[in-house]
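*Asks:* prediction below, plus the sequence it came from.
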Amino acid sequence: MASGLSIAVVGATGAAGQTTLRILEERKFPVRELRAFASERSVGKTVTFRGEPVTIQRVEPAAFKGVDIAFCSAGSAQSKEYAPMIVKAGATVIDKSNAFRMDPAVPLVVPEINAHAARSHRGILACPNCTTIVTVMPLKPLHDAGRLTRVIATSFQAVSGAGVNGIAELREQTLAWARGEAMVARHFPHQIAFNLVPAIDRIGPDGYTAEEMKLVNETRKILEAPGLPVAPTTVRVPVFTSHSISVTAETEVKITAGRARDLFARFPGLKLWDDPAQHRYPMPIAVEGQDDCFVGRIREDLSSPNGLSFWVVGDQLRKGAATNAVQIAELLLHS
Ligand code: A2P
């Protein structure tokens, strides 16, 4: 038998699932056998892995027998139902949904930041929210160097964060606009083409969306900073791929813009694009398709002596989802 692992991808037809297949190929993850799963309506269709068609199977316990690692990106309700069943079948689950992230027994892992947390898993490891991942990458070196005391983060989130339906909606509305036809909102609550929607999901009684509270709570868990004050605003923008976040971070020990540039440049998985004279800074279209997160517009905060402002962009289907999940699987390989 060829060496390698038996891998399952649940949600294999979706935006994150498709990217997971691509990243497993690109990173030459040792896959002996790939099993693909999606909803009932896709059973029997195929997805492509290493140039070969893989038939979509129905999610049922017997189908996971012999699987070593299962990547789940079919939504929170599905993960809640499927993950315990997949673990019972003998596999380790790397879950991309919100289902288990804040469960104290489940590690929430960004490998460059808290690889150690993965060691304590009991069958399920959670991958953070895409905006959280891109935001915490530059926060970690600042926290290590100067202890964060406050974070203000405003996100500009691409439509592919809402899955294949989000991508289709921006495309359809843009084509309708070009034809002079009415733009219909089906998936998002408002027209997204040529617009900004300042709420990723429902606004709660306290004025915050669930997406914003994920950014607060997950950042604290990943950085092991339970009381860290985080002020979030999350916005959907008419960009296909890559989330951008405008961040102001305050630290106990002052970090100058120059020192921050050094810290960012040395942190694994982060790249510095900060050349104001050349108008060089990260933008979603330049970052799409890349596994690193890119930081620029680094400047000292005019309103706070220990504040630092910057702009970070990451491909949220890659580092914000699939790449991070495959990196977690790589940790398991080497543990
Ligand atoms: P399907 O294509 O059959 O609907 P996205 O986040 O891009 O919208 O993708 C969601 C993914 O989750 C798709 O692969 C979708 O499959 C899958 N999915 C949705 N509902 C279920 C379900 N009940 N069981 C398994 N997979 C599901």
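*Replies:* Noted; the coordinates are in hand.

*Asks:* what does the stretch 1-150 of the chain put close to the ligand?
*Replies:* Contact residues (C-beta under 6 Å from any ligand atom) of the stretch 1-150 of the chain with the ligand: 11-17, 37-39, 41-42, 59, 74-75, 78. Glycine gets a C-beta too; all of them are placed from N, C-alpha and C.

*Asks:* now with 5 Å?
*Replies:* When proximity is defined by C-beta under 5 Å from any ligand atom, the stretch 1-150 of the chain lies next to the ligand at 11, 13-15, 17, 38-39, 42, 74, 78.

*Asks:* any chance of a PyMOL selection covering the buried ones in the residues you listed?
*Replies:* Those of those that count as buried under 16 or more other C-beta atoms under 10 Å are selected in PyMOL with:
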select buried, resi 11+13+14+15+17+38+42+74+78
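
*Asks:* what's the span of stretch 143-163 from first residue to last?
*Replies:* 32 Å (C-alpha to C-alpha, to the nearest Å).

*Asks:* buried residues, it. List them.
*Replies:* Of the residues in stretch 143-163, 143, 146, 148-149, 151-153, 155-163 count as buried by neighbour count, 16+ other C-beta under 10 Å.

*Asks:* stretch 33-41 too?
*Replies:* Buried positions in stretch 33-41, judged by neighbour count with 16+ other C-beta under 10 Å: 34-38.

*Asks:* how about those in TSV, adding secondary structure and pLDDT?
*Replies:* Formatted as TSV, the buried residues of stretch 33-41 follow (DSSP: H, G, I helix; E, B strand; the rest coil; pLDDT from 0 to 100):
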residue	secondary structure	pLDDT
L34	strand	98
R35	strand	98
A36	strand	98
F37	strand	98
A38	coil	98
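
*Asks:* before we move on, back to that, of the buried residues of stretch 143-163, closest to N324?
*Replies:* G161 (13.9 Å; C-beta to C-beta).

*Asks:* so what's that closest one up against?
*Replies:* 130-131, 200, 236, 243, 316, 320 (C-beta atoms under 8 Å, 6 or more residues apart in numbering).

*Asks:* just these: which are in helices?
*Replies:* The helices in this structure, assigned by DSSP state H, contain 130-131 from these.

*Asks:* which residues of this structure score low on pLDDT?
*Replies:* The chain contains residues with pLDDT under 70 at 1-2.

*Asks:* list the contacts for the residue in the stretch 101-250 of the chain that the ligand sits nearest to?
*Replies:* The minimum distance from the stretch 101-250 of the chain to the ligand, using C-beta to the nearest ligand atom, falls at G163 (2.6 Å). Applying C-beta under 8 Å, 6+ apart, we find G163 in contact with 14-16.

*Asks:* can you do 7 Å?
*Replies:* Contacts here follow C-beta atoms under 7 Å, 6 or more residues apart in numbering; on that basis G163 touches 14-15.

*Asks:* from here on, call the first residue 21.
*Replies:* New numbering, starting at 21: the last item is G183.

*Asks:* all strands of the stretch 121-270 of the chain, in order?
*Replies:* 144-146, 168-177, 250-256, 263-271 (DSSP state E, counting those that start in this stretch).

*Asks:* same list (those) but as CSV, adding distance to Y102.
*Replies:* Putting those into CSV (distance: least, C-beta to C-beta, whole Å) gives the following:
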stretch, distance to Y102
strand 144-146, 11
strand 168-177, 26
strand 250-256, 27
strand 263-271, 26
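
*Asks:* of all those, which one is nearest I348?
*Replies:* Of all the strands of the stretch 121-270 of the chain, strand 144-146 comes closest under C-beta to C-beta, at 5.5 Å.

*Asks:* which positions in that closest one come out as buried?
*Replies:* So for strand 144-146, counting by 16+ other C-beta under 10 Å, buried means 144-146.

*Asks:* ok, these vs V267, which is closest?
*Replies:* Using C-beta to C-beta, these come closest to V267 at A146, 22.7 Å.

*Asks:* what's the closest one in contact with, if anything?
*Replies:* Remark: with contacts taken as C-beta under 7 Å, 6+ apart, A146 is in contact with 115, 120-121, 126-128.

*Asks:* which residues does it bridge with?
*Replies:* D115, L128 (DSSP bridges).

*Asks:* that one and V126, how far apart?
*Replies:* Separation of A146 from V126 (C-beta to C-beta, to the nearest Å): 5 Å.

*Asks:* next, show the common contact partners of these two.
*Replies:* F120.
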